[in-house]
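**Q** Here is a sequence with its predicted model. Questions after.
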Amino acid sequence: MNKRFLGKIEVSDIGMGCMAFSHGYGQIPSEQYSIEAIRDAYNFGCTFFDTAEVYSPNLEGIGHNELIVGKALKDVRDKVVIATKLFLKSSEVVNGDVYSAIKKHLLGSMKRLQVKMVDLYYLHRISDVPTEEIAKAMGKLINEGLIRGWGLSQVDVDVISKAHKITPVSAVQNLYSIVERDCEEKVIPYCIENNIGFVPFSPIASGLLSGKITTSTEFEKYDDVRNWVPQLTKENISGNKPIVDLIQKLAKQKGATPAQISLAWMLKKYPTNLVPIPGSKNKGRILENLGASKVQLTDSELKEFENELNKLKVYGHRGLTH
Ligand SMILES: NC(=O)c1ccc[n+]([C@@H]2O[C@H](COP(=O)([O-])OP(=O)(O)OC[C@H]3O[C@@H](n4cnc5c(N)ncnc54)[C@H](OP(=O)(O)O)[C@@H]3O)[C@@H](O)[C@H]2O)c1
């Protein structure tokens, strides 16, 4: 696979979102299957793996996903970049000591991941703990060698710039896909200007852009985010059909799949600092998505696609609100 940089951290140009092995898309696969799927991705050339301490069935408990990622990657630890995330509530900060509160989370993640250092440590969401204090603490953890770089998730330029002034941010992980393009206005340009990696999550719009979801698709009842993703109500699946058709048209032309086109589109549009992390709990589809690294759109294909896309209304919007 091709390589890109998130700040100073080199990764494959498409990473692997590991969340669905534990949470978010209904029934989870067996641990053995999940471990094999992660190893298959590594053998395919993927060197960037995304998890979080909260990824556990129905978000109850801590670390289910980190344990799987740790087991899968322990033999190749030095050849991969592992990203994980923490939530921090102000009630956890004793005597203003943000550093110790973060370190407690980090040591838990390190143990579950079986690593001596986390490559990329994100704040999962900003809270009432001041961003500047978080940035200072992350700087200290970098100096101590416990993390290589740090990042923020679902943030705007105000937050990123405050943080970046104190401790340079390696990556911003925000929602971004063909149907969620808010970040094009300010966040991605800011990241490019400041050598900050941009890591789109849900880049296939939770499956919509694969073309496999129709108005008759039934989502699962338990722990399935697709029940609330705005573009996936029956009405909005219908409304967004022209966008999916447009992707399908380009996919046919390129001999690629629609999911691959959704990823190849953003890789072409931002050829330096953007690294998407599609998620799937299916071995075949994981490799299909990583295969988008080889799908090269030309300048004119991108231009024509964008011209058509900009004429179409997106139905449903989540943005950076949660
Ligand atoms: N920072 C944050 O707050 C945040 C939030 C959400 C997610 N994330 C991270 O981002 C990663 C990806 O996000 P995501 O999983 O929500 O979104 P996604 O990659 O846009 O979509 C995942 C959904 O799309 C389906 N899918 C994926 N590839 C497919 C393909 N080639 N053909 C057909 N269907 C396909 C999957 O089904 P199958 O499993 O059946 O293939 C799954 O239902 C997560 O794993 C997680 O690491 C971060």
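**A** Right, received. Where do you want to start? Numbers count the residues shown, from 1 in each chain.

**Q** Whatever residue of the stretch 201-322 of the chain ends up closest to the ligand pairs with what?
**A** Residue nearest to the ligand within the stretch 201-322 of the chain (Cβ to the nearest ligand atom): G279, separated by 2.4 Å. Where C-beta positions appear, they are placed from N, C-alpha and C, glycine not excepted. Following DSSP bridges, G279 is listed with bridge partners G17.

**Q** Am I right that I178 is in contact with A264?
**A** No. Assessed by Cβ atoms under 8 Å, I178 is found out of contact with A264, at 11.1 Å.

**Q** what's in contact with whatever helix or strand F198 lives in?
**A** Per DSSP states H and E, F198 falls inside strand 197-201. Contacts to strand 197-201, defined as Cβ atoms under 8 Å, 6 or more residues apart in numbering, come from residues 4-7, 9, 15, 17, 50, 83, 151, 153, 170-177, 183, 187-188, 191-192, 266, 270, 273-277, 279.

**Q** Select the longest helix from this structure.
**A** helix 98-113 (DSSP state H).

**Q** How far away from the center of its chain is it?
**A** Put simply, helix 98-113 sits 21 Å off its chain's centre (Cα atoms, centre = their mean, to the nearest Å).

**Q** quick thing: my sequence starts at 39, can you match it?
**A** Okay, residue one is now 39; in that scheme the one you just asked about reads as helix 136-151.

**Q** Contacts (any at all) between the ligand and it?
**A** No. Judged by Cβ under 6 Å from any ligand atom, helix 136-151 and the ligand are separated, with a smallest distance of 14.0 Å.

**Q** and whichever helix or strand comes after that helix with the ligand, contact?
**A** Using DSSP H and E, the helix or strand that directly follows helix 136-151 along the chain is strand 156-161. No. With Cβ under 6 Å from any ligand atom as the criterion, the ligand is not reached by strand 156-161; the gap is at least 7.0 Å.

**Q** Looking only at the next helix or strand after strand 156-161, what residues are buried by neighbour count?
**A** The C-terminal neighbour of strand 156-161 among helices and strands, as given by DSSP H and E, is helix 169-181. By 16 or more other Cβ atoms under 10 Å, the buried positions in helix 169-181 come out as 169, 171-173, 175-177, 179-180.

**Q** got JSON lines for those, with distance to the ligand too?
**A** Shown next, in JSON lines, are these (distance: Cβ to the nearest ligand atom, whole Å):
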{"residue": "T169", "distance to the ligand": "16"}
{"residue": "E171", "distance to the ligand": "21"}
{"residue": "I172", "distance to the ligand": "16"}
{"residue": "A173", "distance to the ligand": "18"}
{"residue": "A175", "distance to the ligand": "19"}
{"residue": "M176", "distance to the ligand": "16"}
{"residue": "G177", "distance to the ligand": "21"}
{"residue": "L179", "distance to the ligand": "19"}
{"residue": "I180", "distance to the ligand": "20"}
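
**Q** Look up the pLDDT of the residue most central in space within the chain for me, please.
**A** Nearest residue to the geometric centre of the chain (Cα atoms, centre = their mean): F239, 3.2 Å. What the model reports as pLDDT for F239 is 98.
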